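Participant: sharing a sequence plus its predicted fold:
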Amino acid sequence: PADAVLEELAFSTNLLALLSPSISTLSRYSTASAAFNSLDPPEFNSANSMRLRAFCLLLHMKLRATFDEDLPGLLSQEEVPFFNRLACKFLEEEMKGVQANALQTALLLLVQSLYDRHRRRPGCLVPERLGAWWLVPELRPVL
């Protein structure tokens, strides 16, 4: 979608809040593989896949324009490492198809935004106990 559409959805609607329960449920899977498999690979046409893609794109857009003080409540500190592990799982798999690539791209954009914010202000989104090591080493060159 165009940036103007994403901006409108991120800042003028409550869509992010409506998607949050689905993302919270997804982040409770015990492993990234289990969460990945729940997204209906290799087609990624499920409702959960679409919700995850929308959430990633909207949160990425929101992070670009949100002050650090306004970040609490956007997502839980447990969800940040989850996105990281899921993005790594996507990179491990061979993604084919438009939906798969779109979801992978959205997920990587979000992880990059989270990482950039964390580098600028540690502890803002990620538990301080994780320090700079919350990012899976395999993702560091990609971002």
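Facilitator: Nice, thanks for sending it over. This is a predicted model, so every value here is computed, not measured. Numbers count the residues shown, from 1 in each chain.

Participant: where in the protein is pLDDT low?
Facilitator: For the chain, residues meeting the criterion pLDDT under 70 lie at 69-74, 122-143.

Participant: try 80
Facilitator: 1, 66-78, 118-143 (pLDDT under 80).

Participant: and the helices in it, which stretches?
Facilitator: Using DSSP state H, the helices of the chain run over 3-12, 15-27, 32-37, 47-65, 79-92, 98-120.

Participant: mind giving me CSV with those and columns for mean neighbour count?
Facilitator: C-beta: built from backbone N, CA, C; applies to glycine. Below are the helices of the chain laid out as CSV (neighbours: other CB atoms under 10 Å):
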stretch, mean neighbour count
helix 3-12, 14
helix 15-27, 16
helix 32-37, 16
helix 47-65, 20
helix 79-92, 21
helix 98-120, 18
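
Participant: how close does the residue nearest to Asp3 when sequence neighbours are not counted sit to Arg120?
Facilitator: Among residues not flanking Asp3 along the chain, Met61 sits closest, at 7.3 Å (CB to CB, 6 or more residues apart in numbering). Noted for Met61: a distance of 17 Å to Arg120, by CB to CB, to the nearest Å.

Participant: and Leu114, by the same measure?
Facilitator: 11 Å.

Participant: same thing with Arg85?
Facilitator: Counting by CB to CB, the gap from Arg85 to Arg120 is 22 Å.

Participant: now swap in Ser76 and tell me
Facilitator: 20 Å.

Participant: same question, Leu63
Facilitator: Look at Leu63 and Arg120: by CB to CB, they are 11 Å apart.

Participant: please state the offset of stretch 62-82 from the chain centre?
Facilitator: 10 Å (CA atoms, centre = their mean, to the nearest Å).

Participant: same check, this time on stretch 83-100
Facilitator: Stretch 83-100 has its C-alpha centroid displaced from the chain centroid by 12 Å (CA atoms, centre = their mean).

Participant: can you check stretch 14-26 too?
Facilitator: For stretch 14-26, the distance to the chain centre is 11 Å (CA atoms, centre = their mean).

Participant: and the contacts of that stretch?
Facilitator: The set of residues external to stretch 14-26 that reach it, using CB atoms under 8 Å, 6 or more residues apart in numbering, is 9-10, 35, 38, 48, 51-52, 54-55, 58-59, 62, 74-76, 79, 82.
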